[in-house]
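> the sequence and its predicted three-dimensional model are supplied below.
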Amino acid sequence: MKIFKFNNLHIVHTEKEDGNQRLKENRKRVLNNFNFDDVFIPIQKHTNTVVKYMDFQSEADGLFTDKRNVPVGVLTADCMPIVLFDRKVLSVLHAGWRGLFSGIIQNSLKNHNTERTVAYILPSIRVCCYQVDERFIQNLNISKDFYSKNESGIYLSLQNVAKSILKENGICKIYEVPVCTACSDRLYSYRKGDFENRILTFAWFE
């Protein structure tokens, strides 16, 4: 697993060696390292819905909390885990293309003081590997700023889309871990055949 600490904010994402995080026993082993019994994870359905942590049994793709030492997280295998923190409110999002283009970031920011919010984008599939087709680009009316073309096809940068949305909504401090899940041997990737295995990204603040 990888652990990041920014003042009183803690962010963790697992790796293959930590096992499939869909399995509760594997999550428990990870959480034991931080003296947590459990982590709040929503029922993810590629929506743009963000709910408070105690409503984690709802269908949603983001959770937020204003409580200290309450870990919230999402499961991914190529989609972007995004963490938003403004010193008082913490959100963790599962942002695939559906959620991203239907407004999950904007919906999450309604719970935040955007002047103080910092965004963190964790490992996800990147432009080197995320191939899409022309119809996909046209249907979503995606700007040329966010994809590249070469002889093998069209490749989309979800990260650049996310950063553009964040900046348009007043978020100036944006950090990312520039690791592609499809390229890395240490991470699960749906596009590489990890259809059932998932990475856990979770965060909490003290």
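Structure received.
> and the residue nearest in space to the middle of the chain, bridged to which residues?
Against the mean C-alpha coordinate of the chain, by CA atoms, centre = their mean, the closest residue is P81 at 0.9 Å. With DSSP bridges as the criterion, P81 is bridged to H94.
> that one against V12, yeah?
No: if you go by CB atoms under 8 Å, P81 and V12 don't touch, sitting 10.5 Å apart. The C-beta positions use only the backbone N, C-alpha and C, and glycine is treated the same way.
> find residues that contact each of these two.
Counting by CB atoms under 8 Å, 6 or more residues apart in numbering, the residues touching both P81 and V12 are T201.
> for the protein, which segments are assigned as strands?
Remark: strands assigned in the chain by DSSP state E are 2-6, 9-13, 50-52, 62-65, 72-76, 80-85, 90-95, 118-121, 131-132, 147-150, 153-156, 173-176, 199-205.
> out of the ones you listed, which gets nearest to D37?
Closest to D37 of those is strand 199-205 (CB to CB; 12.8 Å).
> how about G103, what does it touch?
With CB under 8 Å, 6+ apart, G103 has these contacts: N48.
> cool, and the one 4 residues further on?
For N107, the contacting residues are N48, T49, V50, G62, taking CB under 8 Å, 6+ apart as the criterion.
> make JSON lines out of the residues you listed and add pLDDT.
Supplementary listing: the contacts of N107 in JSON lines, determined by pLDDT from 0 to 100:
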{"residue": "N48", "pLDDT": "98"}
{"residue": "T49", "pLDDT": "98"}
{"residue": "V50", "pLDDT": "98"}
{"residue": "G62", "pLDDT": "98"}
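> give the buried subset of the residues you listed as a ChimeraX selection command.
Command for ChimeraX that selects the buried part of these, burial taken from 16 or more other CB atoms under 10 Å:
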select :48,49,50,62
